[in-house]
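structure of the sequence below:
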Amino acid sequence: MSAYLNTRVSLFAAHLWPVEDFRTLLRSPEAEIPQVLMEGGLARLAGLVPGNDLNSLEQNIIAQLLDETRVLLRPLAGNARAFLLYWTERFEVTNLKTLLRGKMGNERPATLLNRLTPMGAFGRLDVQDLAHAEDVAELLRRLETGHYAGIVRQARQAFEDSHDPFLLDAALDRGYYEGLAHRARALEKKNGPALRRLMGSLINRINLVWLLRYRFNYKLPPAQVYYLLVGAHYGLSSASLKELSALGSLEAVLAALPQGLRQSLADAATIPEIFARMERAAAAEAEQVLRSAAPDCVRAFAYLILRERDLRAVRAILRGRNLHLPNAMIEHTVGQLAQETF
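Sure, this is the predicted structure:
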């Protein structure tokens, strides 16, 4: 056990926002928003309002998460460090997808680079080199020689078969989360059931929501849906996902889920509602792990899950206010993101 990490996680946990802080941010006069953010430990975001540039807001939220992750990584080594480092690579995979879409749209390198999220010391992509690739095919070839070769190779094959940008994005996402599950497996034996519970909540939610979207929103055939799901060893096994992918309606899929998951999603009528319920359940699980005697690296992961939830809710409020949306609409959105009823 690291006394440093245990102390740092506990200090960070004290900065998680209770629901009342979100109400205060929503209802404060515009001139007071920077002070509310400062008091909530978000000085980095306070400087963005009242102008509230949406691209800068997103980039600064990610920067906040990376800053805190850097602190939590200091005492870690081996598989635990590799796992939390890989968790940050979600943001760079988004940059990777932005590069690919930019090349498909023939965007100029300078324009493309301006849209990327700065990753600082966490960056693995040579974005200057990649932005100047001649076309998508050349960009993919360059990516296959770098840090993300493993997830890019299969994605390239999917793209070459269809030239569908959506399938390219989906294959990249699947590759990333399979890598995360692989790294978690190396830690689960040592760190007990807590990490397995966190990962199970995450991967089961991703797989079920993706399955429903791909099958019933995008009308993909069952075999293709199954191919795009994350292979892992949690509650929804590969065999279960294959069977679920072949069902013909959302109601049939929900009825065929394992009992616990089926009960938690009873009467859910839409995919967004299913996502929101599963995300709230995952946040409750992370809250329990954070407050428990679980290994410090697992508590750090739980904290990062909850911190990102908080920052997404703050982002929703700031964007909603910027767009002059009714408070009731913003409250509904934030209520789905926050653990408690807003």
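
all contacts plus neighbour counts: C-alpha atoms, from now on.
Fine.

residue contacts, residue 57?
45, 48, 315 (Cα atoms under 8 Å, 6 or more residues apart in numbering).

ok, of those, which one's closest to residue 67?
residue 45 (13.2 Å; Cα to Cα).

just the ones of the contacts of residue 57 in strands?
Nothing among those maps onto strands, per DSSP state E.

which residues touch residue 181?
Counted by Cα under 8 Å, 6+ apart, residue 181 has contacts 199, 232.

if we can go back for a sec, ranking the contacts of residue 57 by neighbours, who comes first?
Tallying neighbours with other Cα atoms under 10 Å puts residue 45 at the head of those, with 24 neighbours.

for stretch 291-298, list every residue counted as buried.
Using 16 or more other Cα atoms under 10 Å as the test for burial, stretch 291-298 gives 294-298.

my bad, stretch 178-197
178-181, 183-185, 187-188, 191, 194-197.

flag the least confident of the residues you listed.
Lowest pLDDT among the buried residues of stretch 178-197: residue 191, with 80.

contact partners for that one?
By Cα under 8 Å, 6+ apart, the neighbours of residue 191 are 294-295, 298.

for the residues you listed, which one is nearest residue 7?
residue 295 (12.6 Å).

check the buried residues of stretch 291-298 and tell me the two furthest apart.
294 and 297 (8.4 Å).

between these two, what contacts are shared?
What both residue 294 and residue 297 touch, as defined by Cα under 8 Å, 6+ apart, is an empty set.

give me the number of residues near residue 147?
12.

equivalent analysis for the one 3 residues further on, please.
A total of 16 residues lie near residue 150 under the criterion other Cα under 10 Å.

distance check, it against residue 238.
21 Å (Cα to Cα, to the nearest Å).

next: residue 316.
Counting by Cα to Cα - residue 316 and residue 238 are separated by 35 Å.

at the geometric centre of this structure, which residue sits there?
residue 90 (6.8 Å; Cα atoms, centre = their mean).

now do the contacts for it.
residue 176.

give me the neighbour count for residue 136.
19.

tell me which other helices or strands the worst-scoring helix or strand of the chain on mean pLDDT touches.
Within the chain, no helix or strand scores below helix 327-337, which has a mean of 79 by mean pLDDT, DSSP states H and E. With contacts defined as 3 or more Cα pairs under 8 Å, 6 or more residues apart in numbering; DSSP states H and E, helix 327-337 has these neighbours: helix 271-290, helix 296-322.

distance to residue 246 for those - can I get that in JSON lines?
Formatted as JSON lines, the helices and strands packed on helix 327-337 follow (distance: least, Cα to Cα, whole Å):
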{"stretch": "helix 271-290", "distance to residue 246": "17"}
{"stretch": "helix 296-322", "distance to residue 246": "32"}
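
name the stretch among the ones you listed that sits most buried.
Among the helices and strands packed on helix 327-337, helix 296-322 has the highest mean neighbour count (mean count of other Cα atoms under 10 Å), at a mean of 22.

now it: average pLDDT?
94.

and the angle for that helix with helix 271-290?
For helix 296-322 against helix 271-290, the angle between stretch directions is 140 degrees (axes from the mean of the first three to the mean of the last three Cα atoms, to 10 degrees).

helix 327-337 and helix 296-322, what's the angle between them?
Using the same axes, to 10 degrees: helix 296-322 against helix 327-337 is 170 degrees.

so what does helix 296-322 touch, helix or strand wise?
Going by 3+ Cα pairs under 8 Å, 6+ apart, helix 296-322 lies up against helix 3-13, helix 19-27, helix 54-73, helix 193-212, helix 271-290, helix 327-337.

could you redo the last one with a cut-off of 7 Å?
helix 3-13, helix 271-290, helix 327-337 (3 or more Cα pairs under 7 Å, 6 or more residues apart in numbering; DSSP states H and E).
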